[in-house]
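Trainee: got a structure for you, letters missing:
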């Protein structure tokens, strides 16, 4: 399995040791779990954003009708300077 060396400050390393000890796990497991959780969160946010974009595109006309003040002006409309 590929590995990654990660550098921590002395304070961060001590904090990791303490947290791992409190949780009854190794520092390696603690850091791996944190990274895996962040990867899962990132993927979920990407998937959620894509789902929102699809939903918005599908219902664009309904949003435009419900919130006309948020619509960008059509070219040639608007104030004349």
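Mentor: Thanks, I have the structure now. Owing to the predicted nature of the structure, the values given are computational and were not obtained by experimental measurement.

Trainee: Residue 74 - how many residues pack around it?
Mentor: Summarising burial for residue 74: neighbours were counted as other CB atoms under 10 Å, giving 7. Placement of C-beta: from N, CA and C, glycine included.

Trainee: same deal with residue 23?
Mentor: A count of nearby residues for residue 23, using other CB under 10 Å, gives 11.

Trainee: Ok, residue 73 next?
Mentor: Neighbour count for residue 73, taken as other CB under 10 Å: 8.

Trainee: how near is it to residue 67?
Mentor: According to CB to CB, to the nearest Å, residue 73 stands 14 Å off from residue 67.

Trainee: ranges for the strands of this structure?
Mentor: All residues of the chain lie outside strands when identified by DSSP state E.

Trainee: Just name the shakiest helix or strand of it by mean pLDDT.
Mentor: Comparing helices and strands within the chain by mean pLDDT, DSSP states H and E singles out helix 60-66 as the least confident, with a mean of 93.

Trainee: Give the buried residues for it.
Mentor: Judged by neighbour count using 16 or more other CB atoms under 10 Å, helix 60-66 contains no buried positions.

Trainee: which residues are in contact with that helix?
Mentor: Around helix 60-66, the neighbours that count as contacts under CB atoms under 8 Å, 6 or more residues apart in numbering are 56, 70-71.

Trainee: Neighbour count, pLDDT and distance to residue 22 for those - can I get that in a markdown table?
Mentor: As requested, the contacts of helix 60-66 are arranged in a markdown table below (neighbours: other CB atoms under 10 Å; pLDDT from 0 to 100; distance: CB to CB, whole Å):
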| residue | neighbour count | pLDDT | distance to residue 22 |
| --- | --- | --- | --- |
| 56 | 11 | 94 | 44 |
| 70 | 8 | 87 | 49 |
| 71 | 11 | 87 | 53 |
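
Trainee: now, among those residues, which is nearest to residue 3?
Mentor: residue 56 (41.4 Å; CB to CB).
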